[in-house]
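1. here is a sequence together with a model predicted from it:
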Amino acid sequence: MPIIDMKKVYLLGHRQEREKVFSLLQHKGSVEMVDVKSGESWSEMESLLEPDQPDEAVSGLDEKLGEIRYCIDFLQRNFPMKKTFVQQFTGAKVELSAERYNDYIDRLDKTKTIYEECRRAEDELARIRNEETQCYNLIAELEPWVTLDVPIEQAKEGSFASMGLYQIPVDNLPELQGALDDKLPAHYLEVFSTGTDIACFFFACVKAEFSTAQELFKENTVTAVSFPELTGTPSQNIDSMQKKLDSLAEEREAVLNEVEGFLEHRPMLMACHDYMDNELKKHEAVMNLARTDNSFLLEGWVPEPVLADLETTMAEETDTAILVSRNPEPHEDVPVLLHNRGPADAYEVVTLLYSTPKKNELDPTPYLAPFFLIFFGICLSDAGYGLILTLLAIFVSRKLRLSGMGKQLMKLLYLGGFSAAVFGILFGGYFGDLFNLPPLWFNPLDDPMTMLIYCFAIGLVQIYFGLGLQAYRNIKAGKPLDALFDQGFWFIFLNGLIMLLLPGLALVGQGLAVGGGAGLILTQGRTQQGIIKKFMSGLLSLYNITGYLSDVLSYSRLLALGLATGVIAMAINAIGELVYGSIIGIVVMVVILAGGHLFNVVISSLTSYVHTSRLQYVEFFGKFFEGGGKSFRPFRVQTNYIDVTEREEA
């Protein structure tokens with residue numbers, strides 16, 4: 001069965017063995033815990049049990065984990081780990097042997113020292129950044145005055161004269177200059193820089209007349225500029241700031257060199273992070289339990305195939321733990337675990353990206369698998385591209401230790417590449433027209449209408465198959481009349497309409513269409529009240545024929561994507577042929593062909609996956625699949641950075 005049967009389990013044990021039991025459960029990874037307090041039986045047990053709470057160690061674990069996470073993030077910010085192109089998408093983890101992993105965990109106490117060193121280094125880097133920002137800001141403020149040869153501290157009010165640095169909106173400068181010439185002949189004004197909006201100038205006048213200048217400044221929106229902490233000319237101060245920036249750069253380099261020495265501890269930090277994270281989750285999971293003074297009760301779900309092994313483990317590894325199980329009640333929200341075998345396993349990723357099936361629902365994975373394989377191959381339909389995609393999938397699978405959906409996706413692409421190669425041979429596609437080999441069947445570029453008819457035909461087969469699956473569900477649920485009314489009559493009606501278009505079958509088609517249509521009119525409104533509502537609902541149900549028509553037309557995308565892959569490949573070949581003719585031209589042609597076809601493989605594979613998935617989600621799933629189930633999420637060891645392998649390190 002693609003959907004694994006679940007068992008409800010109850011585990012009772014002594015509090016002294018609680019941590020040991022949790023470690024065993026986390027290692028086995030086969031139990032999804034349920035909050036005991038959320039069950040219907042809690043009202044009966046509440047007088048005997050009380051909710052369990054995490055112990056005081058949780059706060060310490062959380063603090064320790066935060067320190068380790070800080071160290072990892074700090075090192076990543078300053079010395080990012082380099083990843084290959086493939087690892088950018090797969091998020092590959094660091095591989096450690098079990099021996100090395102355990103050695104790192106034994107050095108857990110050292111992380112406190114590393115944390116303190118990282119904190120000190122970041123404080124130093126923050127100080128350097130702040131001082132650099134101050135220097136850059138001051139340089140930016142001084143640059144307009146760089147040609148001023150008067151020391152800044154002298155630009156102030158003296159015993160006989162008043163001097164200062166000022167800013168004014170550019171548009172107001174001519175008016176100010178004219179007013180000063182008229183009302184204050186004995187003055188000195190020198191403009192040092194004129195920007196888009198602001199002009200900077202030096203001004204001096206007799207002290208007794210400065211009040212007049214102030215009035216004019218006020219009228220023309222003049223603001224004073226001061227550098228109270230600076231001495232010397234602006235250029236001298238800028239040189240001083242540049243020297244300070246050089247000194248700060250040396251300080252940063254020294255700190256970063258020290259931080260670089262911490263990189264040898266990064267694998268240990270990653271291992272300790274994953275260990276501490278799992279320890280914290282183990283302690284936090286206690287909140288799902290109920291307890292007495294001396295015992296605890298755990299409730300959860302276990303896949304039936306692994307229940308016996310779990311019972312054996314608990315009996316052998318613990319002294320007090322007792323595990324009992326029962327079948328789920330009809331009203332219980334049972335988690336769903338898919339387990340398809342063979343090639344169908346690869347297509348679980350397609351189902352799960354849409355939704356998890358409900359507990360009593362069909363798993364659509366084995367039914368969509370052959371259609372997905374064929375549709376993907378038609379969309380890509382190039383033998384060369386299929387071979388490249390298959391080889392890439394094999395390479396990634398062997399290079400990286402993928403699991404779960406990542407592993408399934410690589411398997412899906414592997415099978416998709418194989419399908420694309422088969423259809424490429426059938427349609428004569430070998431890197432477009434790079435190798436001019438005849439098709440074993442026909443070339444869709446030469447006869448697109450024939451290909452379109454085949455696409456519609458295979459789409460109609462999938463739609464009929466979806467209707468058949470829904471009819472099967474109805475019959476299995478004890479509703480054979482629903483299967484006849486809701487799927488059988490539609491099947492008859494649709495076949496009748498198709499036969500009307502075929503020579504020699506029009507009369508038979510007319511009879512089927514009329515019979516099927518009449519059946520739909522009489523039955524589709526059966527849930528309504530009153531004859532008029534029943535009849536009108538049944539009559540209006542015939543409008544759904546437009547939905548079936550649009551569903552069938554959606555399969556034209558198979559033709560469109562298949563043609564697009566071939567046409568783009570041919571365009572790349574044509575561009576390469578344009579530069580052919582010399583040694584340099586041959587080199588350029590090879591680069592164009594290699595880069596262009598690789599790009600086309602990636603883009604065409606992506607669009608093939610997306611549009612093939614859409615056909616499953618909209619046209620196929622809409623006929624029988626609801627989804628909305630809850631995926632099985634066991635309590636288990638989870639890692640963010642480390643993969644522990646069984647190999648021994650050299």
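-> Perfect, thanks for sending it.

2. tell me, how many neighbours does the nearest residue to residue 223 once chain neighbours are set aside end up with?
-> Distance criterion Cβ to Cβ, 6 or more residues apart in numbering; nearest residue to residue 223, sequence neighbours excluded, is residue 167 at 5.2 Å. From N, CA and C alone the C-beta is placed, and that goes for glycine too. By other Cβ atoms under 10 Å, the residues close to residue 167 number 17.

3. what is the host helix or strand of residue 167 packed up against?
-> Using DSSP states H and E, residue 167 sits in strand 161-169. Applying 3 or more Cβ pairs under 8 Å, 6 or more residues apart in numbering; DSSP states H and E, one finds that strand 161-169 contacts strand 198-206, helix 210-219, strand 223-225.

4. that's a helix at residue 568, yeah?
-> Yes: residue state for residue 568 (DSSP: H, G, I helix; E, B strand; the rest coil) corresponds to a helix.

5. now it: how far from residue 122?
-> Using Cβ to Cβ, to the nearest Å, residue 568 is found at 50 Å from residue 122.

6. also residue 146?
-> The separation that residue 146 has from residue 122, given Cβ to Cβ, amounts to 35 Å.

7. and if you look at residue 570?
-> From residue 570 across to residue 122, the span is 56 Å (Cβ to Cβ).

8. same thing with residue 406?
-> 34 Å.

9. list the contacts of the nearest residue to residue 16 once chain neighbours are set aside.
-> Among residues not flanking residue 16 along the chain, residue 320 sits closest, at 7.9 Å (Cβ to Cβ, 6+ apart). Contact analysis of residue 320 by Cβ atoms under 8 Å, 6 or more residues apart in numbering lists 13-14, 16-17.

10. repeat the analysis, applying 7 Å as the threshold.
-> 13-14, 17 (Cβ atoms under 7 Å, 6 or more residues apart in numbering).

11. and if you look at residue 65?
-> Shown in contact with residue 65 (Cβ under 7 Å, 6+ apart): 273, 276-277, 280.

12. and the protein, what are its domains?
-> 1-51+289-335, 53-140+236-286, 150-232, 343-623 (automatic domain parsing).

13. could you work out the end-to-end span of the longest one for me?
-> Spelled out, that is domain 343-623. The straight-line separation of the ends of domain 343-623 (Cα to Cα, to the nearest Å) is 24 Å.

14. got it, and the second one?
-> The distance separating the two terminal residues of domain 53-140+236-286, taken as Cα to Cα, comes to 6 Å.

15. please compute how far it lies from its chain's middle.
-> Offset of domain 53-140+236-286 from its chain centre (Cα atoms, centre = their mean, to the nearest Å): 24 Å.

16. repeat for the last one
-> Centroid separation for domain 343-623 versus its chain: 25 Å, with Cα atoms, centre = their mean.

17. follow-up on the earlier one: quick check, the residue nearest to residue 16 in a strand?
-> No: assessed with three-state DSSP, residue 320 is coil; it does not lie in a strand.

18. can I get the host helix or strand of residue 309 as PDB, trimmed to CA atoms?
-> Under the criterion of DSSP H and E, residue 309 resides in helix 304-317. Taking C-alpha atoms only, helix 304-317 is exported to PDB below (Å, rounded to 0.1, in the frame of the first residue of the first chain):
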ATOM      1  CA  GLU A 304       2.600  -0.300  11.600                       C
ATOM      2  CA  PRO A 305       5.600  -1.900   9.800                       C
ATOM      3  CA  VAL A 306       8.000  -0.600  12.400                       C
ATOM      4  CA  LEU A 307       5.900  -1.100  15.500                       C
ATOM      5  CA  ALA A 308       7.300  -4.500  16.300                       C
ATOM      6  CA  ASP A 309      10.900  -3.300  16.100                       C
ATOM      7  CA  LEU A 310      10.000  -0.400  18.400                       C
ATOM      8  CA  GLU A 311       8.400  -2.700  20.900                       C
ATOM      9  CA  THR A 312      11.500  -4.900  20.800                       C
ATOM     10  CA  THR A 313      13.800  -2.000  21.300                       C
ATOM     11  CA  MET A 314      11.800  -0.700  24.300                       C
ATOM     12  CA  ALA A 315      11.700  -4.100  25.900                       C
ATOM     13  CA  GLU A 316      15.400  -4.700  25.500                       C
ATOM     14  CA  GLU A 317      16.800  -1.200  26.200                       C
END
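
19. list the contacts of it.
-> For helix 304-317, the surrounding residues in contact (Cβ under 7 Å, 6+ apart) are 4-7, 24, 28, 30, 302, 321, 323, 325.

20. okay if I get the contacts of residue 320 as TSV plus distance to residue 530, neighbour count and pLDDT?
-> Shown next, in TSV, are the contacts of residue 320 (distance: Cβ to Cβ, whole Å; neighbours: other Cβ atoms under 10 Å; pLDDT from 0 to 100):
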residue	distance to residue 530	neighbour count	pLDDT
13	62	22	93
14	66	15	93
17	66	17	92
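
21. out of the residues you listed, who's nearest residue 447?
-> Using Cβ to Cβ, residue 13 is the member of those that sits closest to residue 447, with 71.2 Å.

22. how about the contacts made by the closest one?
-> Counted by Cβ under 7 Å, 6+ apart, residue 13 has contacts 21, 295-296, 318, 320-322.

23. that one - nearest residue in space that isn't next to it in sequence?
-> residue 321 (3.9 Å).

24. distance check, the one you found against residue 23.
-> Relative to residue 23, and taking Cβ to Cβ, residue 321 is found at 12 Å.

25. check residue 313 too.
-> To residue 23, residue 313 is 11 Å away according to Cβ to Cβ.

26. again with residue 236
-> From residue 236 to residue 23 the distance is 69 Å (Cβ to Cβ).

27. can you pull out the strands in the stretch 151-300 of the chain?
-> In the stretch 151-300 of the chain, the segments counted as strands under DSSP state E, counting those that start in this stretch are 161-169, 187-194, 198-206, 223-225, 290-291, 295-303.

28. buried set for stretch 8-24?
-> Neighbour-count burial for stretch 8-24, counted by 16 or more other Cβ atoms under 10 Å, picks out 8-11, 13, 17-18, 20-22, 24.

29. now, which of the residues you listed sits nearest residue 137?
-> Nearest to residue 137 out of those is residue 22 (Cβ to Cβ; 55.3 Å).

30. neighbours around residue 375, how many?
-> For residue 375, the count of nearby residues is 28 (other Cβ under 10 Å).

31. thought it was touching residue 615?
-> Yes: the criterion here is Cβ atoms under 7 Å, and residue 375 meets it with residue 615 at 6.1 Å.

32. picking up where we left off before, how about TSV for the buried residues of stretch 8-24, with distance to residue 535 added?
-> TSV is the format used below for the buried residues of stretch 8-24 (distance: Cβ to Cβ, whole Å):
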residue	distance to residue 535
8	48
9	53
10	55
11	59
13	65
17	69
18	66
20	69
21	64
22	63
24	64
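
33. just flag the most distant two among those.
-> Across the buried residues of stretch 8-24, the longest distance by Cβ to Cβ is 22.9 Å; it joins 8 and 20.

34. circling back: ranking the strands of the stretch 151-300 of the chain by burial, who's on top?
-> Highest mean neighbour count of the strands of the stretch 151-300 of the chain: strand 295-303, a mean of 22 (counted as mean count of other Cβ atoms under 10 Å).

35. strands paired with that strand, and their directions?
-> The pairing partners recorded for strand 295-303 under DSSP bridges are strand 6-14 (antiparallel), strand 32-34 (antiparallel), strand 290-291 (antiparallel).

36. in CSV, list the C-alpha atoms belonging to the next helix or strand after the first one.
-> Using DSSP H and E, the next helix or strand after strand 6-14 towards the C-terminus is helix 18-28. Written as CSV, here are the backbone C-alpha positions of helix 18-28 (Å, rounded to 0.1, in the frame of the first residue of the first chain):
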residue,chain,number,x,y,z
ARG,A,18,12.5,9.4,30.6
GLU,A,19,15.6,10.8,29.1
LYS,A,20,16.8,7.4,28.0
VAL,A,21,13.4,6.7,26.4
PHE,A,22,13.5,10.0,24.6
SER,A,23,17.0,9.3,23.3
LEU,A,24,15.9,5.9,21.9
LEU,A,25,12.8,7.4,20.3
GLN,A,26,14.8,10.2,18.7
HIS,A,27,17.4,7.8,17.4
LYS,A,28,14.7,5.4,16.0
